[in-house]
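[1] fold the following for me, if possible:
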Amino acid sequence: MNKKVILIVILLIGLGGAIGGYMYYNKGHRDIADEKPAFTMESTALFSEFENTEAEATKKYMNKVISLSGKVGELIVKDTTINIVLRKGDDFFGVNCSMSKSTFKAAKMLKVGGNVKLKGVCDGYLDDVVLSQCVFE
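    This next block holds a predicted model:
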């Protein structure tokens with residue numbers, strides 16, 4: 001009898017884990033367009049903070065929605081995404097903003113050297129500050 005009870009408990013725990021995993025996998029994504037930004041700033045100020053004090057900036061901005069304005073330094077168009085790199089002057093690094101396919105039409109109208117305002121989720125710093133799920137403001 002004890003073996004049956006143990007087997008039933010193990011099966012119930014496994015079933016609970018499977019249901020929890022399924023629900024987590026299928027939960028909705030954040031809607032950045034409707035979310036209020038935690039910070040509003042120039043892209044150059046955000047990059048400078050990460051460049052000078054990466055650990056503190058990571059702790060402060062990671063997974064937060066940030067509203068940025070800046071100068072378009074580069075447009076990188078791929079099949080399913082478009083990346084807008086905001087830079088100051090002729091700097092090699094900056095803020096890399098990943099946009100979804102739904103923004104292609106508006107993003108393709110941007111010109112290198114033009115100004116843009118957008119918001120996205122900060123994913124950290126890898127030579128560039130990385131923002132994902134970006135939308136135009």
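
[2] contacts, neighbours, all on C-alpha from now
    Will do.

[3] helix or strand right after the helix or strand of the chain with the lowest mean pLDDT?
    Among the helices and strands of the chain, helix 104-108 carries the lowest confidence by mean pLDDT, DSSP states H and E, at a mean of 78. Once the chain leaves helix 104-108, the next helix or strand it forms, by DSSP states H and E, is strand 115-126.

[4] that next one pairs with which strands?
    strand 65-77 (antiparallel), strand 128-136 (antiparallel) (DSSP bridges).

[5] neighbouring contacts of the least confident helix or strand of the chain?
    The contact list for helix 104-108 (C-alpha atoms under 8 Å, 6 or more residues apart in numbering) reads 81-82.

[6] one more time with 10 Å, if that's ok
    Helix 104-108 is contacted by residues 75-78, 80-84, 99-101, 116, 135-136 when judged by C-alpha atoms under 10 Å, 6 or more residues apart in numbering.

[7] among those residues, which pair sits farthest apart?
    Largest separation among the contacts of helix 104-108 by C-alpha to C-alpha: 80 and 116, giving 20.8 Å.

[8] out of these two, which sits in the more crowded spot?
    residue 116 (17 against 10; other C-alpha atoms under 10 Å).

[9] any idea how far that one lies from residue 84?
    Here the criterion is C-alpha to C-alpha, to the nearest Å. By it, residue 116 lies 10 Å from residue 84.

[10] what do the two both touch?
    71-72, 107, 110.

[11] which among these count as buried?
    By neighbour count, with 16 or more other C-alpha atoms under 10 Å, the shared contacts of residue 116 and residue 84 hold 71-72, 107 as buried.

[12] which among those gets closest to residue 7?
    For those, the nearest to residue 7 is residue 107 (56.2 Å; C-alpha to C-alpha).

[13] wait, residue 41 sits on residue 66?
    Yes - at 7.7 Å, residue 41 counts as touching residue 66 under the criterion of C-alpha atoms under 10 Å.
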